[in-house]
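S.K.: What follows is a protein structure lacking sequence information:
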Ligand SMILES: Nc1nc2c(ncn2[C@@H]2O[C@H](COP(=O)(O)OP(=O)(O)OP(=O)(O)O)[C@@H](O)[C@H]2O)c(=O)[nH]1
Ligand SMILES: [Zn+2]
């Protein structure tokens, strides 16, 4: 098993004993204080009327955006269907939003997941559930791509997995270099999609239709 899969959290619930029940493991008071500090540090008055509820809102937002830190996406891949079908399966255009770990700004895009089954298939929606779960944590796009691909290889007995992700990074579009419209494309090819040029070409044709 790959190192970054071992780093994945235990299934939801872990270590939440001391946290408020409704926060599912997130230290909400600490998060709210941090937001108050942030507002004060940029020269705002956290006690002015319009900002009074902002720390609570932002804390809830981060708890939601980072909820993947307290989930194990592999739970979605535990159920299979035995099928003789042995051609490629592709679910493309799976929309997602994740957070860049460098600036804590969102990157938003589409994931395409293909695999070549080996006697059994997984529910199509489960691939999208895995994307959602992996997306909700701070990370770089390359790691997100690899984590999803390695997870599918580990959990499904397949002949190959292809994951392609295209995303727009807010840290590149709204700040810094400011290049609206720029897209980052990453791919992870495993098994037959790595070893066979024609299989890779076929899945890319299915994704991009060229
Ligand atoms: N490889 C990779 N880079 C990312 C990702 N998300 C953000 N980045 C980049 O992370 C880099 C961080 O660069 P730094 O020089 O440390 O930070 P910075 O001064 O804010 O950089 P600028 O964005 O160029 O202003 C930037 O080049 C971002 O474009 C990602 O998913 N993958
Ligand atoms: Zn960034």
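M.R.: On my side now, so go ahead. Owing to the predicted nature of the structure, the values given are computational and were not obtained by experimental measurement. Numbering: from 1, shown residues only. Ligands and ions are numbered 1, 2, ... in the order given.

S.K.: Break the chain into its domains for me.
M.R.: The chain resolves into domains spanning 27-65, 74-208 when parsed by automatic domain parsing.

S.K.: Check which element follows the lowest-mean-pLDDT helix or strand in the chain along the chain.
M.R.: Across the helices and strands of the chain, mean confidence by mean pLDDT, DSSP states H and E is lowest for helix 3-6: a mean of 54. Under the assignment DSSP states H and E, the closest C-terminal helix or strand after helix 3-6 is helix 28-41.

S.K.: in that next one, what counts as buried?
M.R.: For helix 28-41, the buried set under the neighbour-count rule, 16 or more other CB atoms under 10 Å, comprises 28, 31, 32, 35, 36, 39. The way it works is simple: take the backbone N, C-alpha and C, and place the C-beta from them, glycine included.

S.K.: Of these, just say which sits nearest to residue 196.
M.R.: Each of the buried residues of helix 28-41 was scored against residue 196 by CB to CB, and residue 31 proved nearest at 47.4 Å.

S.K.: where's that closest one relative to residue 189, distance?
M.R.: The span separating residue 31 from residue 189 equals 38 Å under the rule CB to CB, to the nearest Å.

S.K.: On the pLDDT front, check the residue sitting nearest the centre point of the chain for me.
M.R.: When the chain is reduced to its mean C-alpha position, the closest residue under CA atoms, centre = their mean turns out to be residue 135, at 1.6 Å. The per-residue pLDDT reported for residue 135 equals 98.

S.K.: Next up, the contacts around it.
M.R.: Residues near residue 135 by CB atoms under 8 Å, 6 or more residues apart in numbering: 68, 96, 97, 98, 144.

S.K.: Derive a ChimeraX selection command for the buried subset of those.
M.R.: Applied in ChimeraX, the following selects the buried portion of these according to 16+ other CB under 10 Å:
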select :68,96,98,144
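
S.K.: contacts with ligand 1 among the contacts of residue 135, please.
M.R.: Restricting those to those near ligand 1 by CB under 6 Å from any ligand atom leaves nothing, as none qualifies.

S.K.: Any chance of the contacts of residue 135 in CSV with pLDDT and secondary structure as columns?
M.R.: Putting those into CSV (pLDDT from 0 to 100; DSSP: H, G, I helix; E, B strand; the rest coil) gives the following:
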residue, pLDDT, secondary structure
68, 96, helix
96, 98, strand
97, 98, strand
98, 98, strand
144, 98, helix
